[in-house]
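Asks: everything below, folded, please.
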Amino acid sequence: MSNTHPRLPTYFISHGGGPWPWMKNEMGHAYDKLEASLADMPRQIGRRPDAILMVSAHWEEPAFTVMGNPRPPMIYDYGGFPAHTYQVHYDAPGSPELARRVQSLIESAGLPARIDPERGFDHGMFSPMAAIYPDADVPVVQLSLRRGLDPAEHIALGRAIAPLRDENILIVGSGLSYHNLRAFGPQARDVSKAFDDWLGDTTVGSTGDRRNERLLQWSAAPAARIAHPREEHLIPLMVAVGAAQDEAGELVYHEDAFMGGIAVSSFKFG
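Replies: Sure thing, here's the model as predicted:
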C-alpha cells in the first residue's frame, strides 16, 4: 500500500435509509442531494485510495472486529423493503492484508481486536458505496463498533488507525447525524435542527481536545437523546474525529428538510 502521497482525509457520512440507491422509483428525488454529496467524494479526495476502511453503525461486537473475507457476501440487514432489494449486490473485494494491518494497529494501542473471516457487507457500507464508487472497484474492509458504544474508546480507536491515512487508506465512519425512526419527518424539524446545529459547531468549530471533550459529552447537547435514542449511528463520527485529532472539520453535505423536515449532515476531517 502506497505512502507516497499526502495523507487522506477522514469522513463521517450520513448513509441514508436501507437500500435506497436501488429504490429510486419508489423514493423519487428524496435522496438526490445525499447521492450527489457521496458521488463527489472521489473528487474531494483527489486520488483513488488503495482501499477503504469503513466503520458502519450496523455492526457491533464485544471486541473491535475487522472483516477478513477476501470476497465479502451481502448482508441484507433491513426489513419491509421491496423484494428486489434483497437481491442487490455490491461486489467490491475485501482485503485480508488490510484487515491484518488494522488488527495490529488496534492491538498496539492496547484495545481488543479480532478478525472475522466470514463477515459480509451490511447496508451501512453498500448503500453509500453504491454512490461513492459505483463500479465497486476499490477494496473495502469493514470495522465494527465495540459494544457499550463508549465515545472515548471510539475516539481512541480512531487515533489507533490514523496511520492508515498515510498509507492511502480512506477511513469512513458511516452512520446518520439524526437517527430516531419514531420521530421522522416534519415533526422532527426543530429537534433535528437543534442537534445538527450543535454537531456542526462541535465538529467544524473546534478541533483537538476541545472537540473531543464536546463529543464525549454529546448526550448533554440540545435534543441529543431525541436525535439519537441509541447512539450507534453517531459513534462512527468519534472514529473519524479520532483519526484526525488536530485537523479541521468541514461540512460536506447538509439538508434542512430531508424526508420532509429533518436536518442531516456529513463531515470531512483533514
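
Asks: helices along the stretch 151-270 of the chain, start to end?
Replies: 151-161, 189-205, 208-216, 224-227, 235-242 (DSSP state H, counting those that start in this stretch).

Asks: ranking those helices by burial, who's on top?
Replies: Mean neighbours per residue, mean count of other C-beta atoms under 10 Å, is largest over the helices of the stretch 151-270 of the chain for helix 235-242, with a mean of 29. No exception for glycine: its C-beta is placed from N, CA and C like everyone else's.

Asks: elements contacting that helix?
Replies: Packing contacts for helix 235-242, counted by 3 or more C-beta pairs under 8 Å, 6 or more residues apart in numbering; DSSP states H and E, involve strand 10-14, strand 51-61, strand 140-146, helix 151-161, strand 169-175, helix 208-216, strand 262-269.

Asks: now distance to Pro72 and mean pLDDT too, for these, in JSON lines please.
Replies: Putting the helices and strands packed on helix 235-242 into JSON lines (distance: least, C-beta to C-beta, whole Å; pLDDT from 0 to 100) gives the following:
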{"stretch": "strand 10-14", "distance to Pro72": "19", "mean pLDDT": "98"}
{"stretch": "strand 51-61", "distance to Pro72": "11", "mean pLDDT": "98"}
{"stretch": "strand 140-146", "distance to Pro72": "8", "mean pLDDT": "98"}
{"stretch": "helix 151-161", "distance to Pro72": "19", "mean pLDDT": "98"}
{"stretch": "strand 169-175", "distance to Pro72": "15", "mean pLDDT": "98"}
{"stretch": "helix 208-216", "distance to Pro72": "30", "mean pLDDT": "98"}
{"stretch": "strand 262-269", "distance to Pro72": "24", "mean pLDDT": "97"}
